[in-house]
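Engineer: Predicted model, plus sequence, below.
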Amino acid sequence: MGLSGKVALITGSARGIGKAIALELAHHGANIVINDILPKNEIDKTLREIKKSGNIAIGIKADITVFDEVNRMVKEIINKFEKIDILVNNAGITRDSLLSQSLCYHSINFIKYSYISFYPNRHITTFFDFSQSFINFTFW
């Protein structure tokens with residue numbers, strides 16, 4: 001699986017499954033965009049790991065549920081790489097608490113991330129060359 005020269009945007013990738021996906025794509029040669037809402041130092045930790053393999057990687061703190069933040073993120077990626085070949089919609093939320101205390105709050109946030117995660121897709125397709133491979137991997 002040669003991904004040399006491809007640009008991969010992985011949302012929610014400062015840690016966990018998103019980080020593992022970013023590291024694997026980098027291992028196969030892709031240039032990586034780490035996106036998360038976590039503090040910049042969390043994003044930077046993952047960037048350092050990816051850059052050890054010699055790949056080009058950037059980190060962008062942006063909330064994919066906020067249209068303007070996604071717009072800013074995509075513009076930054078296009079300015080740096082001129083394209084996006086791979087999108088992994090990985091961003092999501094989990095909260096540990098008693099179900100009886102938080103069912104409404106968590107349900108609203110789950111819906112927010114599930115249904116509004118189309119923002120990256122909408123922006124990226126504007127810049128996407130459909131003759132290239134495009135992977136949209138979403139899971140919850």
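Structural biologist: In hand now; what should we look at?
Engineer: where along the protein do the strands fall?
Structural biologist: For the chain, applying DSSP state E gives strands covering 7-11, 31-36, 57-61, 86-89, 136-138.
Engineer: Distance to residue 69 and mean neighbour count added to those, as a markdown table?
Structural biologist: The C-beta positions use only the backbone N, C-alpha and C, and glycine is treated the same way. As requested, the strands of the chain are exported to a markdown table (distance: least, CB to CB, whole Å; neighbours: other CB atoms under 10 Å):
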| stretch | distance to residue 69 | mean neighbour count |
| --- | --- | --- |
| strand 7-11 | 11 | 26 |
| strand 31-36 | 10 | 27 |
| strand 57-61 | 9 | 19 |
| strand 86-89 | 15 | 23 |
| strand 136-138 | 19 | 13 |
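Engineer: Tell me which of those strands approaches residue 75 most closely.
Structural biologist: Ranking the strands of the chain by proximity to residue 75 (CB to CB) places strand 57-61 first, at 10.2 Å.
Engineer: Quick check: which helices or strands does the closest one pack against?
Structural biologist: strand 31-36, helix 40-51, helix 67-81 (3 or more CB pairs under 8 Å, 6 or more residues apart in numbering; DSSP states H and E).
Engineer: ranking those by burial, who's on top?
Structural biologist: strand 31-36 (a mean of 27; mean count of other CB atoms under 10 Å).
Engineer: Other residues contacting that strand?
Structural biologist: With contacts defined as CB atoms under 8 Å, 6 or more residues apart in numbering, strand 31-36 is touched by 5-15, 18-19, 22, 25-26, 42-43, 46-47, 50, 55-62, 64, 73, 77, 81, 84, 91.
Engineer: before we move on, back to that, in terms of mean pLDDT, which of the helices and strands packed on strand 57-61 ranks lowest?
Structural biologist: Lowest mean pLDDT of the helices and strands packed on strand 57-61: helix 67-81, a mean of 90.
Engineer: which helices and strands sit right next to that helix?
Structural biologist: Using 3+ CB pairs under 8 Å, 6+ apart, helix 67-81 sits against strand 7-11, strand 31-36, strand 57-61, helix 118-127.
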